[in-house]
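Q: Any chance you can model this:
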Amino acid sequence: MEMLISNETFNFVLQIAKFDVSPDLVYPVFLTGVLIYLFSVLCNGIILTLIVTQRSLHKPMFYIMFSLPLADILGITALLPRLLIDIVTQSNVVYYPTCVLQGFILHTYATSVVFILAAMAFDRYIAICKPLRYHTIMTPFTVGGVIALAWGLGLALVIVMFALQARLPKCKTFIINVFCDNMSLVRLSCAGDITVNNIYGLVFTGFMQAISVSVQLFSYVQILKNCLSHSQSDAKSKAINTCSAQIIIFVLFEIFGTTAILSYRFQNISPNTQKLCGIMTFTVPPVANPIIYGMKTKDIRNTFFKVLKKIKGKFT
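A: Residues are numbered from 1 along each chain as shown. I've put the predicted structure just below:
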């Protein structure tokens, strides 16, 4: 139930919507969530560790790829632990600063992933379409700049979004979602004009998607043309395998993100289904990404089994 309060008496304690779970399913859901979280952190952590410790992976492609599992851990950690605790304790209370922090991290995760995938596509375009110039183009300075741009641009856009939200007078204490996001925080206002927030949100989403989709579409079209014109089947196969993982991850991320957005536009969809769509946006990609990369990226797969074999040899 929404509680109206004045700015002077706003005590920074909010009520967050509950994810309704049958009492008999509370602990099974909690255990499943914990296993999903641990699996995601473990798998993404393995990829991070391999990239850092194995010299064979010290290449521009993997330096850029390093950002993806890092973002995945950040995103799923911002959402899942708190949600699971709320389900078990039946608590729906959150402090305003904590809510803002969660929303900020989740939006930073989402925007960063979109730009990181674009950066990875650009790297593959240079590697496959301009192989002789790859190391002169993808210098340490260029790689560092691409990584900084992917994170910095996403961060800058989110900072502006939350600055616009922070200016609004707060007079409600009910968060309409099971996690904190920008729109939920905007709707805490009942006195300010949110037109600017709505316009910025549309421009923000359009700008982000336009850049990411344009870069990836251009890169993969050029890669496809290069593969079709290449006479060697091995080269074609290698190029397709290299890019297929990134395309799958991008499509997966877009499907869940779009589904979550559209679910709130249809009145006949149940609140729990809407909430579940939002949760899956921040949990499915961080779980699926390391699996997809583990299977589709030969260098990571071979390096992982080589390290596993060394570890096994030490104990036998």
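Q: All the strands of this structure, residue numbers only.
A: With DSSP state E, the ranges of strands along the chain come out as 13-16, 93-95, 174-175.
Q: okay if I get those strands as TSV plus mean neighbour count and distance to Leu74?
A: Quick note: C-beta positions are derived from backbone N, CA and C, even for glycine. Output for these, formatted as TSV (neighbours: other CB atoms under 10 Å; distance: least, CB to CB, whole Å):
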stretch	mean neighbour count	distance to Leu74
strand 13-16	18	20
strand 93-95	15	19
strand 174-175	19	21
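Q: Could you export those strands to JSON lines, including columns for distance to Gly45 and mean pLDDT?
A: As requested, the strands of the chain are arranged in JSON lines below (distance: least, CB to CB, whole Å; pLDDT from 0 to 100):
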{"stretch": "strand 13-16", "distance to Gly45": "29", "mean pLDDT": "85"}
{"stretch": "strand 93-95", "distance to Gly45": "27", "mean pLDDT": "88"}
{"stretch": "strand 174-175", "distance to Gly45": "30", "mean pLDDT": "88"}
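Q: Out of the ones you listed, which gets nearest to Asp86?
A: strand 13-16 (7.2 Å; CB to CB).
Q: Tell me which residues are up against the closest one.
A: Residues external to strand 13-16 that are found in contact with it (CB atoms under 8 Å, 6 or more residues apart in numbering): 1, 3, 86, 92-96, 99, 173-175, 177-180, 188.
Q: in stretch 189-206, what's buried?
A: If you call a residue buried by 16 or more other CB atoms under 10 Å, then stretch 189-206 has these buried ones: Ser189, Gly192, Ile194, Asn197, Tyr200, Gly201, Phe204.
Q: Name the residues of stretch 283-296 that are buried.
A: Using 16+ other CB under 10 Å as the test for burial, stretch 283-296 gives Thr283, Val284, Pro285, Pro286, Val287, Ala288, Asn289, Pro290, Ile292, Tyr293, Gly294, Lys296.
Q: what do you get for stretch 19-35?
A: Using 16+ other CB under 10 Å as the burial criterion, the residues of stretch 19-35 that qualify are Phe19, Val21, Phe30, Gly33.
Q: Could you double-check that the first one lies in contact with Ser270?
A: No - the pair Phe19 and Ser270 does not pass the contact test of CB atoms under 8 Å, sitting 11.8 Å apart.
Q: okay, and the common contacts of those two?
A: Shared contacts of Phe19 and Ser270, defined by CB under 8 Å, 6+ apart, are not found at any residue.
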